[in-house]
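**Student:** One predicted model, sequence on top.
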Amino acid sequence: MVPSLARAARRRVLALAAALLALGGVLLWWLAPFGTSTPSGSVTFSTGVRSGVYQHYGELLKQAMAEDLPDVSITLKDSEGSQQNLARVASGEADFTVATADAVAQYIRDRRPGFERLRGCARLYDDYIQLVVRKGSSVQKVSDLRGLRVGVGQDGSGVRLIADRVLAAAGITPSRDVAAVPVGIDAMPEMLEKGDLDAFFWSGGLPTTAVQKLSERTPVRLIPMDAPLVDALRDVGSSTRHYRSATIPADAYQAAQDGQPVQTLAVANLMVTTADADPDLVEGFTRSVIDSRDAIGSQVHPAQLVDLRTAVYTEPLPLHDGARRYYRSVKP
């Protein structure tokens with residue numbers, strides 16, 4: 001009887017050990033991030049001009065990524081703006097970028113190289129179109145720019161795209177009716193101060209540091225763009241439907257606005273990648289964009305407006321699978 005009892009005891013011990021192993025396996029499966037891996041490698045993020053919002057946003061996002069994705073090395077590459085950014089991502093020269101929705105729509109409409117590969121990660125903040133003149137200028141509306149020297153943004157920028165369209169909507173042919181100067185926000189404020197420009201266009205978040213600093217040292221004002229101009233703008237082309245009427249708040253540039261709001265138009269910025277980007281990397285990248293909103297927003301004010309509820313709407317681009325996975329993971 002004793003050997004029989006010993007065998008029974010051993011069987012019970014073995015059964016208990018097997019049960020514990022099975023339970024441990026279940027717990028490990030439950031606690032571990034099943035189906036995901038930690039992204040690693042190097043990526044390039046195409047930003048914008050050195051003194052612009054895209055560049056500053058990219059620098060701060062890179063810092064956030066260093067904590068969220070420690071095994072991913074991020075290289076920032078400055079650019080002329082949205083149009084060049086899209087070309088870089090579509091060609092594989094960059095992995096991620098920021099571009100305005102109108103520039104994306106135009107890139108797709110023109111069927112430019114790699115357009116079908118582009119995908120969205122997040123809708124970010126809106127850019128506001130700003131037309132700046134000296135306070136004593138006779139310019140009161142866009143059509144008054146005829147015959148003047150106007151900064152319209154660099155050739156590969158989203159500013160150039162919208163400046164040409166706004167001028168056309170006001171009945172001005174940029175190549176004939178104004179002296180269009182293709183420079184960016186890093187040069188335009190100083191040129192206006194020196195009298196080398198009569199006006200300049202800028203498309204960016206509020207407030208844009210370069211415009212704010214200009215307004216604090218030189219008397220300038222903003223030219224309004226009212227609803228009829230926005231309606232005329234939408235007739236310029238199908239990709240212009242991404243513009244909407246907006247108001248620059250009275251306190252955006254206190255020295256330039258005399259306490260008054262200014263009518264203008266706005267367009268959304270999108271975080272862009274390609275369809276073949278690693279889903280785990282895109283998921284992590286998108287998570288960092290959303291989670292770092294407040295930290296980045298304390299230094300780059302427009303980033304405060306990144307909203308989880310609207311970030312998923314990346315039209316005209318399809319949402320990348322990795323980004324979709326992130327939004328599903330945080331869905332209530």
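**Tutor:** Good, I have the coordinates.
**Student:** Show residues contacting stretch 249-263.
**Tutor:** Taking contacts as CB atoms under 8 Å, 6 or more residues apart in numbering, the residues outside stretch 249-263 that touch it are 132, 135, 206-207, 211-212, 215-216, 219-227, 245-248. Where you see a C-beta, it was placed from the backbone N, CA and C, and this is true even at glycine.
**Student:** Of those, just the buried ones, PyMOL syntax please.
**Tutor:** The PyMOL selection below is limited to those of the contacts of stretch 249-263 classed as buried (16 or more other CB atoms under 10 Å):
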select buried, resi 132+206+207+211+212+215+220+221+222+223+224+225+246+248
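**Student:** All the strands of the stretch 151-300 of the chain, residue numbers only.
**Tutor:** Applying DSSP state E, counting those that start in this stretch to the stretch 151-300 of the chain gives strands spanning 179-181, 199-204, 220-222, 244-248, 262-274.
**Student:** Among those, which comes closest to residue 80?
**Tutor:** strand 199-204 (12.7 Å; CB to CB).
**Student:** okay, the angle between that closest one and strand 262-274?
**Tutor:** Interaxial angle of strand 199-204 relative to strand 262-274 (axes from the mean of the first three to the mean of the last three CA atoms, to 10 degrees): 50 degrees.
**Student:** And the average pLDDT for the host helix or strand of residue 61 is what?
**Tutor:** Using DSSP states H and E, residue 61 sits within helix 53-68. The average pLDDT within helix 53-68 is 92.
**Student:** What are the buried residues along it?
**Tutor:** Buried, per 16+ other CB under 10 Å, within helix 53-68: 53-58, 60-62, 64-65, 68.
**Student:** just the helices in the stretch 1-150 of the chain please.
**Tutor:** 2-31, 53-68, 82-91, 101-109 (DSSP state H, counting those that start in this stretch).
**Student:** Residues in contact with the second one: which ones?
**Tutor:** For helix 53-68, the external contacting residues (CB under 8 Å, 6+ apart) are 45, 47-49, 72, 74, 76, 78-79, 81, 85, 98, 204-205, 208-209, 284-285, 287-289, 291-292, 295-296, 299-300, 302-303.
**Student:** Make a ChimeraX selection of whichever of the residues you listed turn out to be buried.
**Tutor:** Buried residues within the contacts of helix 53-68, by 16+ other CB under 10 Å, are selected in ChimeraX with:
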select :45,47,48,49,72,74,76,78,79,81,85,98,204,205,208,209,284,285,287,288,289,292,296,300,302,303
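**Student:** Please name the residues that touch the spatially closest residue to residue 243 that is not a sequence neighbour.
**Tutor:** Leaving aside its sequence neighbours, residue 243 sits nearest to residue 265 (CB to CB, 6 or more residues apart in numbering; 4.8 Å). By CB under 8 Å, 6+ apart, the contact set of residue 265 is 128-129, 225, 229-230, 233, 243-246.
**Student:** Kindly state the beta-bridge partners for residue 265.
**Tutor:** Taking DSSP bridges as the rule, residue 265 bridges to residue 245.
**Student:** and the gap between it and residue 151?
**Tutor:** Separation of residue 265 from residue 151 (CB to CB, to the nearest Å): 18 Å.
**Student:** quick revisit: angle of the helix holding residue 61 against strand 199-204?
**Tutor:** 20 degrees.
**Student:** Count residues in the vicinity of residue 113, would you?
**Tutor:** 11 (other CB atoms under 10 Å).
**Student:** OK, contacts around it?
**Tutor:** 87, 90-91.
**Student:** make it 7 Å
**Tutor:** Applying CB atoms under 7 Å, 6 or more residues apart in numbering to residue 113 gives the contacts 90-91.
**Student:** pLDDT score assigned to it?
**Tutor:** 97.
**Student:** The one 10 residues further on too?
**Tutor:** As summarised for this prediction, residue 123 has a pLDDT of 97.
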